[in-house]
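1. Prediction below, plus the sequence it came from.
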Amino acid sequence: GESVGLHLPTLSVQEGDNSIINCAYSNSASDYFIWYKQESGKGPQFIIDIRSNMDKRQGQRVTVLLNKTVKHLSLQIAATQPGDSAVYFCAENRGSQGNLIFGKGTKLSVKP
Amino acid sequence: NAGVMQNPRHLVRRRGQEARLRCSPMKGHSHVYWYRQLPEEGLKFMVYLQKENIIDESGMPKERFSAEFPKEGPSILRIQQVVRGDSAAYFCASSPAGVNYGYTFGSGTRLTVV
């Protein structure tokens, strides 16, 4: 069925290392993707987004890569910090639909 | 500029009672979305509303759940005759013009049914 999913449920990295969180989607009609960070007890916080006419987009310490050929999305966090510890979700939007489809999430733990 | 405001933050209800969750969108936002999140899972879309209109309720359970976004006041998600399976975090998001523009989430209401 149509779904957005993540390859790894947990990821543990050393402070200062780079982190890569992956996401797969199955619907080629999806044209907008967002990465969210959710800390315990809080709502999802926007990190970065990308539209399907782009392959890469960079923000502050974060980069999102979109590979439409294999329907894969990744979030790269440079120089990971303890404050980056959270659950990360990818979400997709399909055409003009008003809702986001969320993946299950990856928990990122940063070791000092 | 206050963000999306949800209240209460925590709500405890006994089985069979009613739960009312409120969401005040960001200033200037006329689109509201409700999501439900079970522990250790991603958010699941429930309903999308604009002022006085339900645009998409494809994620809403057919019974006991309803939502409104009146001309004045916050959006309300109402759950009647709650059951233990309704225990979850309920998040509201708002945007000024659809999902692709400034989609912002509130801090959620954590509903516990005992």
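-> The structure has been received and is ready for your questions.

2. Near residue B:91, how many other residues are there?
-> 25 (other C-beta atoms under 10 Å in any protein chain shown). Backbone N, C-alpha and C define where each C-beta goes, glycine included.

3. Just the element for it, please.
-> strand B:88-95 (DSSP states H and E).

4. who touches that strand?
-> Strand B:88-95 has contacts (C-beta atoms under 8 Å, 6 or more residues apart in numbering or on different chains) with A:43-44, B:4, B:6, B:21, B:23, B:25-26, B:29, B:31-39, B:43, B:75, B:77, B:101-106, B:108-111.

5. in its sheet, what does it sit against?
-> strand B:31-37 (antiparallel), strand B:104-105 (antiparallel), strand B:109-113 (antiparallel) (DSSP bridges).

6. now check stretch B:41-50, is it near chain A?
-> Yes: against chain A, stretch B:41-50 shows contacts by C-beta under 8 Å from any C-beta of the partner chain at B:41-45, B:48.

7. Could you single out the nearest of those residues to residue A:55?
-> residue B:42 (24.5 Å; C-beta to C-beta).

8. Can you report phi and psi for the closest one?
-> Dihedral angles of residue B:42 (phi, psi; degrees, to the nearest 10) stand at phi -80, psi 170.

9. gap between it and residue A:47?
-> Distance of residue B:42 to residue A:47, given as C-beta to C-beta, to the nearest Å: 15 Å.

10. more neighbours, the two?
-> residue B:42 (23 against 20).

11. Which residues are in contact with the more buried one?
-> Here residue B:42 is in contact with A:4, A:89, A:91, A:102-105 (C-beta under 8 Å, 6+ apart).

12. my guess is residue B:87 meets residue B:112, correct?
-> Yes: Residue B:87 lies in contact with residue B:112 (C-beta atoms under 8 Å); the separation is 5.3 Å.

13. Tell me the helix or strand right after the lowest-mean-pLDDT helix or strand in chain A.
-> Counting by mean pLDDT, DSSP states H and E, the weakest-scoring helix or strand in chain A turns out to be strand A:4-5, with a mean of 52. Sequence-wise, the next helix or strand beyond strand A:4-5 is strand A:10-14, with elements assigned using DSSP H and E.

14. re the thing from before, so of the strands paired with strand B:88-95, which one's packed in deepest?
-> Comparing those by mean neighbour count (mean count of other C-beta atoms under 10 Å in any protein chain shown), strand B:31-37 comes out on top with a mean of 24.

15. For the following helix or strand past that one, name the packing helices and strands.
-> Per DSSP H and E, the first helix or strand lying C-terminal to strand B:31-37 is strand B:43-50. Packing contacts for strand B:43-50, counted by 3 or more C-beta pairs under 8 Å, 6 or more residues apart in numbering or on different chains; DSSP states H and E, involve strand A:101-102, strand B:31-37, strand B:53-56, strand B:65-68, strand B:75-79.

16. Of those strands, which is nearest residue A:73?
-> Of all the helices and strands packed on strand B:43-50, strand A:101-102 comes closest under C-beta to C-beta, at 12.2 Å.

17. The closest one near chain B at all?
-> Yes: against chain B, strand A:101-102 shows contacts by C-beta under 8 Å from any C-beta at A:101-102.

18. What is that strand packed up against?
-> Applying 3+ C-beta pairs under 8 Å, 6+ apart, one finds that strand A:101-102 contacts strand A:86-94, strand B:43-50.
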